[in-house]
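Visitor: how would this look folded up:
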Amino acid sequence: MQGFFVHVTNGTFPVSGTLSVNNTARVNNLAPNFHRERPLTEPLLRLSAGFTDEGQPADPAVIYFDNSYSRDFEQDIDALKIINTDEHVPNLYIMAGTERQSIAAWPNDIDSTEMIPLGITTEQEGYVSFSMPLIERMPAGRHFYLYDKEAGITHDLHQTTPYRLFLRKGSFDTRFFLVLKPGEDGGAGTETPQYHAYPVGNSLYAQFDKVPGEKCTITVSNINGQVLLRKEYTGNGRYLLGSHYNGGIYIVTFHANKQQVSKKVFIVNQ
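Guide: The predicted structure is shown next:
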């Protein structure tokens, strides 16, 4: 009642190989040794990315730190990424050269110049949310950010609000990095208020982040200017504005700190 994966290396895709297991591999010892796992001591963080707005699960990746490890792929301590077969779940991984890893060991003596390369592959386009759901045994003062090199944005992963962006179908292996401080191109982006509005089916969502005071009044109107919703929200984050909208064009307007930002949203009847 056990199973395992076999990875065939050293060849050009498609690679084939043969694995044979005969009766000599059987163990009939009725008093086997029990190998207890050693307590974990290394600093560790878990990342995730997914089409979570659509109710889909997120894909995880794990990085743990120790100075006995290198930045290169080491088959005894790192784990290669096994690509998902569900097109609604993206593939998140850590890059080690050309190798994609789901679990990566990394040296622990990192500093503010370190950029840990991340990659993501999607089989559909849509809004992907990046987050850091777990961090364990991390040294005090070590603060992680997700750096989007293409957009020039650095997102604080210790916030409860995930980093959310629209991605086309494809692989992005040189765009995202895990860093210990804002990237040079994106430091200012961490202080600029961000506003997003988007549909999921006939539901309409709004999201605001980095708004001073974390208060925002959101108005929804149709193309004729008729106000359908006006409500004040407290707390940076994502909010459902209703699930009853017919197909058409809607204007979502954010009012915060004497500023007004409008977003046009097109809903297609489902």
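Visitor: quick one: contacts for Leu180?
Guide: 110-112, 114, 142-145 (C-beta atoms under 8 Å, 6 or more residues apart in numbering). The C-beta positions use only the backbone N, C-alpha and C, and glycine is treated the same way.
Visitor: How far does stretch 149-159 sit from its chain's centre?
Guide: 11 Å (C-alpha atoms, centre = their mean, to the nearest Å).
Visitor: Only the buried residues of that stretch, if you could.
Guide: 149, 153-157, 159 (16 or more other C-beta atoms under 10 Å).
Visitor: Out of those residues, name the ones that lie in strands.
Guide: 153-156 (DSSP state E).
Visitor: Distance to Asp86, neighbour count and secondary structure for the contacts of Leu180 - can I get that in a markdown table?
Guide: A markdown table is the format used below for the contacts of Leu180 (distance: C-beta to C-beta, whole Å; neighbours: other C-beta atoms under 10 Å; DSSP: H, G, I helix; E, B strand; the rest coil):
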| residue | distance to Asp86 | neighbour count | secondary structure |
| --- | --- | --- | --- |
| Ile110 | 33 | 17 | coil |
| Asp111 | 38 | 8 | coil |
| Ser112 | 37 | 9 | coil |
| Glu114 | 32 | 15 | coil |
| Arg142 | 33 | 14 | coil |
| His143 | 33 | 12 | coil |
| Phe144 | 28 | 19 | coil |
| Tyr145 | 29 | 24 | strand |
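Visitor: and which of those is nearest to Val179?
Guide: The shortest approach to Val179 among the contacts of Leu180 belongs to Tyr145, at 5.1 Å (C-beta to C-beta).
Visitor: before we move on, back to that, and which of the ones in strands among the buried residues of stretch 149-159 is nearest Val89?
Guide: His155 (21.3 Å).
Visitor: Tell me the spacing between that closest one and Ile120.
Guide: Counting by C-beta to C-beta, to the nearest Å, the gap from His155 to Ile120 is 14 Å.
Visitor: so which helix or strand takes in Asp76?
Guide: Asp76 belongs to no helix or strand when assigned by DSSP states H and E.
Visitor: what's the spacing between it and Asn33?
Guide: Distance from Asp76 to Asn33, by C-beta to C-beta: 21 Å.
Visitor: about what we covered before: list just the nearest of the ones in strands among the buried residues of stretch 149-159 to Ser70.
Guide: For those, the nearest to Ser70 is Thr154 (26.1 Å; C-beta to C-beta).
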